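Asker: model this:
(one chain, ligands or ions: 1)
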Amino acid sequence: MNASEHFTLHQLADGVYAAIATELGAGFSNAGLIDLGDQTLVFDAFENPQAAAHLSNACQRLTGRDPAVVIISHWHPDHWGGLQVFAGSSILATQETRVAIIPIVEEIAQDRGNPAHWEAELRETEARLSGETDANKRKALEISISRQRHTLEALPVLKPTIPNQTFEGKIIFHGSQRSAELIATGKGHTLSDCLLRLPQEQVAFIGDIGFFQSQPFMPYGFPDAWVALLKEMAGWDIDTFVPGHGPVGSKTDLALEADYILALEALVGQVVQAGGSVNDALRQTLPEPFATWQVVGHRFEANVRAAFKRQSGN
Ligand SMILES: [Zn+2]
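Answerer: Have a look, this model is predicted:
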């Protein structure tokens, strides 16, 4: 079901949709649409308003109304940069997520007045692409360029918008057709993540607790807590998981992701134990399937650098 160049819609149950970001669209992360029967929830709001506007259209078309509540899964801007489109709805996040978002909104306001560094960064990435011959590296650069172009395009119309309701623990939305459980899971991908569970449909929207068939982004994460949560989720009565990045998946994807986090931490741990440097760690490779995952984007380098700092203390 194609609704937009920014995402593809996947119906998971009657009235429940995953919006999976396209590789070169303005969404960058995934989102969800949940019709509770008498009200609609949106889960995450994409990186840019161009993509969020299409999500808002899809919400009207598929559920007949604007969302009552838009849930923001965590503080990373690729999940809330499009929020202005939903300014008439309640925008809900954990208190820690809201606190982390506020300074970023101020930074964005400054960028709006001075887009020069985005323009410079775009020209630099374009120059790197023209000199790159490796197909996988070209792909990663093409994704970066597309992302930078979408951001530049959005800057003049950006109206930074922040969560106007916060919660701790758990909220249950009791709709006329289904209920949904919003659960703050604490530390994991960030210092405060949340997820939305639909027990009747055995579906969960898990934000960036889930990166499927792609490397998780770990620099702001808490690996032990994250792995523990992924293992706990494996015991839930849920079959379908919508990640923040990558395709809709299952418990197999949760297990693989936990294995990636453990493999990355172990790879860095061995280098630290042997007295090696961060560059020694960066020269290592992960086992399959993670080695294939590591080619797109710069997440491997960011993850190794963060793990090295954490494990070596410098
Ligand atoms: Zn994230």
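Asker: so, low pLDDT: which residues of the stretch 201-314 of the chain?
Answerer: 294-297, 314 (pLDDT under 70).
Asker: wait, Val42 touches Leu83, no?
Answerer: No - using CB atoms under 8 Å, Val42 makes no contact with Leu83, being 9.9 Å away. Where you see a C-beta, it was placed from the backbone N, CA and C, and this is true even at glycine.
Asker: mutual contacts of the two, please.
Answerer: Val70 (CB atoms under 8 Å, 6 or more residues apart in numbering).
Asker: the two: which has the busier surroundings?
Answerer: Taking neighbours as other CB atoms under 10 Å, Val42 and Leu83 compare with Val42 leading, 30 against 26.
Asker: please confirm that the more buried one is located within a strand.
Answerer: Yes - counting by DSSP: H, G, I helix; E, B strand; the rest coil, Val42 falls inside a strand.
Asker: contact partners for it?
Answerer: Counted by CB under 8 Å, 6+ apart, Val42 has contacts 31-34, 55, 59, 67, 69-71, 86, 89.
Asker: how much space separates it from Asp35?
Answerer: 11 Å (CB to CB, to the nearest Å).
Asker: do the same with Leu9
Answerer: From Leu9 over to Asp35 the distance is 13 Å, taken as CB to CB.
Asker: neighbours of the one residue in the stretch 151-300 of the chain that gets nearest to the ion, just the number please.
Answerer: Residue of the stretch 151-300 of the chain nearest the ion, by CB to the ion: Asp208 (3.5 Å). Using other CB under 10 Å, Asp208 has 26 neighbouring residues.
Asker: so it touches Pro216, yeah?
Answerer: Yes - counting by CB under 8 Å, Asp208 touches Pro216, with 7.4 Å between them.
Asker: what do those two both touch?
Answerer: His189.
Asker: what residue is smack in the middle of this structure?
Answerer: In the chain, the centroid-proximal residue (CA atoms, centre = their mean) is Gly244; its distance is 3.7 Å.
Asker: circling back to that earlier point, just the contacts of Val42: which are in strands?
Answerer: 31-34, 69-71 (DSSP state E).
Asker: from those residues, which two are the most distant?
Answerer: Largest separation among the ones in strands among the contacts of Val42 by CB to CB: Ala31 and Val69, giving 13.4 Å.
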